[in-house]
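Asks: I need the structure of the sequence given here:
(2 chains)
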Amino acid sequence: MTKLWRAWRLGALALVAASTAVVPPASAAGAGAFVIRNAYTQLSHGVYYLDADMRLTLARNAVEALNNGVPLVFKIEIEVTRRRAFLWDPTVAHLAQSYRITYHALSRRYVVRSLNSGRQASFRSYEAAFEHLGYVNNLPVIDAALLDPDDTYDISIRAVLNVKVIPTGFGLLTSLFSGADQASDWREWPLTR
Amino acid sequence: MKKNRTTKVLMILTAVLLLAGLYLLARTTQNSAAFARLHVWLLLFNALAALVLLGLIVAHLVKLIIQYRRETPGSRLTARLVGMFVLLAVLPVVLVYYFSVQFLDRGIDSWFDVSVEQALDDALTLSRSTLDARTKELLARTQNMARRLAVGTFTQLPVTIETLRQQSGASELTLFGQNGRILATSSNRPTLVVPNQPTDEIMLQLRRGLPYVSLDPIGDLGLHIRSVVPVPSYIPGAPQRYLQALFPVAGRQGHVAQSVQAAYMRYRELTYLRKPLKYSLILTLSLVLLLGLLAAIWGAFYAARRLVAPIQNLAEGTRAVARGDFTRRLPMPARDEVGFLVSSFNEMTSRLGDARETARRSQQQVESERAYLEAVLARLSSGVIALDSDLRLRTANTAATDILGLELDRWLDKPIADAAAEPFVAQFLDLFKRHADAGDRHWREEIVIGGAGGRRILTCSCTSLPNVRDNAAGYVIVFDDLTTLIQAQRDAAWGEVARRLAHEIKNPLTPIQLAAERLRLRYLDGLAGKEREVFERATHTIVQQVDNMKAMVNAFSDYARTPQLELRPMDLNRLVTEIAELYHGGERPFALRLELDPTLPPVNVDAGRIGQMLHNLIRNAGEALEGQSGGEVVIRTRRLRGKVSEDAEITVADNGPGVDAALLEHVFEPYVTSKPKGTGLGLAIVKKLVEEHGGTIRAENRADGGASVRVRLPINERALARSLLRAARRHKTVVKEGVSHER
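Replies: Predicted coordinates:
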């Protein structure tokens, strides 16, 4: 459902861009880039743990949106898939760690709140905030007992940044027009014991 | 009908879906989170609907252009209606669109006032200033607490921390070790398990020996002032410790600060999203109006076609009527004025169809009667001619053409007076005038026509047709050729004479001859001198005259005899050549010349009879040339192609003195001859032979001197049949005449 939703969003973006001559194209994304520098898993006490090191450079549009009070949602998506010979690989587990990043103008601090745990931290700069988010340390992914030892599994990870949908009907469109969304490539590797 | 119903259902369904899509799209533009996620689906659906509508419109447009170029009935009216509807729809839509966009643009811009922005900035600055003073104070308080902790013992730490927290008004007070390990903590929240920890960034600053103090929004707890300071150590080498105090920004100050923060950020957010918001609204508005416009144009096509369809049907129906198709019935539209028109049209075509059917039946009946009449007239042996009141020839049957020997078809619809050069017409006009002057409406006269073929006798009866408004509608003239009848009567009489002659005269001739011979045999030798001479001459004369009488009686017998014909296809040219061979050589008083037509096909004849006919004709011509030098007999064959029949003609012509004109019409009658010798049966037998073959014979004097006899024999079956029929008819007439005569 999520992938379908993403595909439709991309389709909508293309449709909107093609069908509206009055709307200028989305502004350049700046020099932003999400790169997964290093990622690996380790099995400990029957659980797979993920460690990752990501370089998260925000695009100019995203920084601008953040500084103007638009919340950003940073998401680390993790998928475990079972390898198959001729058919598509089914997803065994899907995990997402979501964070909401906002700018607090009064304190001039960037607040990072985990949407999974509710924990919150604030940073003096957005670089510091995203450097903090770029380190994944010992994140439990899946219980080894849930995996068939005779099968081969792959794990993949990527980082996604979306402009937070504001609670109006135009959230989606505004996010499309702002051009602040970013995502890294999927990084995939076999899940080894 | 079913297709129309399906189309209507589909159209209603599409319209409902379209309206639902537009309604939902409108809902998403309001603050309805429930529809927010559907926005893209709705956009896609509406865009798809717009594409479908556009496709439908293009299809309609292409169809209309094709119909317009082909000048299909109703296409021009449809185009005009569509143009009008589209103009009526587009103008308001464009106006509404223009003013809506202007309104959106200016309306959204008007939200963002410079003074409001400045006020918010000022409020934020004021809040910061206020909090900055408090921050400094709380830092100093924290540093003071740190110094107090520095002199305390480790065991007293929990109590000290708790005391210090309560005294300082902090909500949470925590002592950390060098590595961030919690040494002691105190919080006003009894359920707190893990105290709020400083971030790496704060720890880094502290390691540099710098205190940290800052406003910090902490989760659900609200705005706090986080103050973290190093705890001084009086023992050399002792691990560094840090004291973190969290002071809530509570009360009125905290509430106002939060409110200013929220308003400021909301305003900044809206300012930042102003353009995308504008674009979103304009896009939604554009899509809604585009859909509305396309639907209106499509509706214009639909409405125009609905309106024009009955008129188009009427136009096609009128064309069909013009082509003569009265079976076309138009479908009934709604019960309005057009419906009334269509109903009237259907009624009109129905009546026209009935009238035409009646006329067709009447015409068919007239044609049938006319054909019947023509058939009757064609089979009449009498000639029938109809004239109108102006004596124009209206109709003439085949028998009339045959009897008069005139191409009457040439004179159809022309005054009969134009043919006054013809003997029959001239005499008829004289008679007609005479009877018209006398006021006769019915009259009967005998007309005698002379000509190269001999004299012909016709009976002519004329009757005025029934009057129309006291004027004679015309005349019917019926005439019969009595020549053949009279001739046949003569032939029959002569046949009877010949038969009786043969029977009554031939029998006593032989005893007379035998008696004369016996007289000679017994008494001739007993006589002498003058008596002997007289006796011999007298008996000789008796015997010779009896011989002559026998020959004459035999000739009559031949004339009366009617043996069975043996018809076989014969080459007439060869037959003529063979007969002519017999006359070559020897001492003949005439020369014989042949002019034969090589295209002459075989003719069904009895060779013996035709040979006899030729012998008779040559002998007859030769006798005419007796005593004349340079006499020549020419035998000519010719193929005659008529409209329906084909004849072979044999002409035997001589250059003798010709036949007396008075004798010419009786030349084929028995016992008519201009020669001192002969029985007078030669040509009568020839005529009989020709008629047995279904042919005709004519004798005429040649313009350059001499006489010629023309014999026509039918070549093909139809001609033969026609000739035999004619002969049979003649025979029947003769028989009837004979019967009536005997009565």
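
Asks: Please list all residues in contact with the closest residue to residue B:67 other than its chain neighbours.
Replies: With sequence-adjacent residues excluded and distances taken as Cβ to Cβ, 6 or more residues apart in numbering or on different chains, residue B:67 is closest to residue B:75, at 3.8 Å. Any C-beta I mention is one placed from the backbone N, CA and C, and that applies to glycine too. Contact analysis of residue B:75 by Cβ atoms under 8 Å, 6 or more residues apart in numbering or on different chains lists B:64, B:67, B:68.

Asks: Where is the longest helix in chain B?
Replies: For chain B, the helix with the greatest residue count under DSSP state H is helix B:274-323.

Asks: Could you see whether chain A lies near it?
Replies: Yes: for helix B:274-323, a contact with chain A is found by Cβ under 8 Å from any Cβ of the partner chain, at B:275, B:276, B:277, B:279, B:280, B:281, B:282, B:283, B:286.

Asks: next helix or strand past that helix?
Replies: Beyond helix B:274-323 on the C-terminal side, the first helix or strand identified by DSSP states H and E is helix B:337-378.

Asks: Which parts of the stretch 101-250 of chain B are helices?
Replies: For the stretch 101-250 of chain B, the helices defined by DSSP state H, counting those that start in this stretch cover B:114-151, B:157-168, B:200-207.

Asks: returning to that earlier point: what's the closest of the contacts of residue B:75 to chain A?
Replies: residue B:64 (26.3 Å; Cβ to the nearest Cβ).

Asks: what pLDDT does that closest one get?
Replies: pLDDT for residue B:64: 88.

Asks: what mean pLDDT would you report for the helix or strand hosting residue B:436?
Replies: When elements are assigned from DSSP H and E, residue B:436 belongs to helix B:423-438. Here helix B:423-438 scores 81 as its mean pLDDT.

Asks: CA atoms of that helix as PDB?
Replies: C-alpha atoms of helix B:423-438 as PDB (Å, rounded to 0.1, in the frame of the first residue of the first chain):
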ATOM      1  CA  PRO B 423     -53.900   5.900-102.700                       C
ATOM      2  CA  PHE B 424     -55.800   4.400 -99.700                       C
ATOM      3  CA  VAL B 425     -55.400   7.600 -97.600                       C
ATOM      4  CA  ALA B 426     -56.500   9.800-100.500                       C
ATOM      5  CA  GLN B 427     -59.600   7.800-101.200                       C
ATOM      6  CA  PHE B 428     -60.400   7.500 -97.400                       C
ATOM      7  CA  LEU B 429     -60.100  11.300 -97.000                       C
ATOM      8  CA  ASP B 430     -62.500  11.800 -99.900                       C
ATOM      9  CA  LEU B 431     -65.000   9.400 -98.400                       C
ATOM     10  CA  PHE B 432     -64.600  10.800 -95.000                       C
ATOM     11  CA  LYS B 433     -65.300  14.300 -96.200                       C
ATOM     12  CA  ARG B 434     -68.300  13.200 -98.100                       C
ATOM     13  CA  HIS B 435     -69.800  11.300 -95.100                       C
ATOM     14  CA  ALA B 436     -68.800  14.100 -92.700                       C
ATOM     15  CA  ASP B 437     -70.700  16.600 -94.800                       C
ATOM     16  CA  ALA B 438     -73.700  14.200 -94.900                       C
END
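
Asks: and the next element down the chain from it?
Replies: Counting by DSSP H and E, the next helix or strand C-terminal to helix B:423-438 is strand B:442-449.

Asks: can you list contacts of that following strand?
Replies: B:423-424, B:427-428, B:431, B:435, B:455-464, B:479, B:482.

Asks: re earlier: who touches the helix holding residue B:436?
Replies: So helix B:423-438 is contacted by B:391, B:404, B:406, B:416-417, B:419-420, B:443, B:445, B:447, B:449-451, B:458, B:460, B:462, B:475, B:477 (Cβ under 8 Å, 6+ apart).

Asks: buried stuff in it?
Replies: For helix B:423-438, a neighbour-count test (16 or more other Cβ atoms under 10 Å in any protein chain shown) marks B:424, B:425, B:427, B:428, B:431, B:432, B:435 as buried.

Asks: With respect to residue A:72, which of these is nearest?
Replies: Within these, the smallest distance to residue A:72 is 124.2 Å, found for residue B:425 (Cβ to Cβ).

Asks: how far away is the closest one from chain A?
Replies: Noted for residue B:425: a distance of 97 Å to chain A, by Cβ to the nearest Cβ, to the nearest Å.

Asks: same check, this time on residue B:212
Replies: Distance from residue B:212 to chain A, by Cβ to the nearest Cβ: 10 Å.

Asks: cool, residue B:222 as well?
Replies: Residue B:222 is 12 Å from chain A, by Cβ to the nearest Cβ.

Asks: Name the member of the residues of helix B:274-323 next to chain A that has the highest neighbour count.
Replies: residue B:280 (27 neighbours; other Cβ atoms under 10 Å in any protein chain shown).

Asks: quick one, phi psi at the residue lying closest to residue B:512 once chain neighbours are set aside?
Replies: Closest residue to residue B:512 apart from its sequence neighbours, by Cβ to Cβ, 6+ apart: residue B:546 at 5.4 Å. When read as degrees, to the nearest 10, the backbone of residue B:546 gives phi -60, psi -40.

Asks: neighbours around residue B:546, how many?
Replies: 20.

Asks: Nearest residue to residue A:151 in space, please, no chain neighbours.
Replies: residue A:82 (5.3 Å).

Asks: Hmm, I typed the wrong one, I wanted residue B:207.
Replies: According to Cβ to Cβ, 6+ apart, the nearest residue to residue B:207 is residue B:240 (7.9 Å).

Asks: Check residue B:517 too.
Replies: Once flanking residues are discounted, residue B:517 sits nearest to residue B:543: 6.4 Å by Cβ to Cβ, 6+ apart.

Asks: isn't that neighbour right up against residue B:510?
Replies: No: counting by Cβ atoms under 8 Å, residue B:543 sits too far from residue B:510 to count as a contact (11.3 Å).

Asks: How much space separates residue A:86 from chain B?
Replies: Applying Cβ to the nearest Cβ to residue A:86 and chain B gives a distance of 33 Å.

Asks: re the thing from before, which of the contacts of helix B:423-438 are buried? Put it as a ChimeraX command.
Replies: With 16+ other Cβ under 10 Å as the criterion, this ChimeraX line picks the buried residues out of the contacts of helix B:423-438:
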select /B:391,404,406,416,419,443,445,447,449,458,460,462,475,477
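
Asks: So which of the contacts of helix B:423-438 belong to strands?
Replies: B:443, B:445, B:447, B:449, B:458, B:460, B:462, B:475, B:477 (DSSP state E).

Asks: And the furthest pair within those?
Replies: Farthest pair in the ones in strands among the contacts of helix B:423-438 (Cβ to Cβ) is B:449 and B:475. Separation: 19.9 Å.

Asks: who are the neighbours in contact with the most centrally placed residue in chain A?
Replies: Per Cα atoms, centre = their mean, the C-alpha nearest to the average position across chain A is that of residue A:160, at 2.4 Å. Contacts for residue A:160 (Cβ under 8 Å, 6+ apart) come out as A:34, A:74, A:75, A:76, A:77, A:181, A:182, A:183, A:184.

Asks: Whichever strand or helix holds the fourth one pairs with which strands, parallel or anti?
Replies: Remark: residue A:76 resides in strand A:72-82, with elements defined by DSSP H and E. Looking at strand A:72-82 with DSSP bridges, its paired strands and their directions are strand A:91-104 (antiparallel), strand A:153-163 (antiparallel).

Asks: highest average neighbour count across those?
Replies: Mean neighbours per residue, mean count of other Cβ atoms under 10 Å in any protein chain shown, is largest over the strands paired with strand A:72-82 for strand A:153-163, with a mean of 21.

Asks: what secondary structure does residue B:633 sit in?
Replies: Secondary structure of residue B:633, reduced to three states by DSSP: H, G, I helix; E, B strand; the rest coil: strand.
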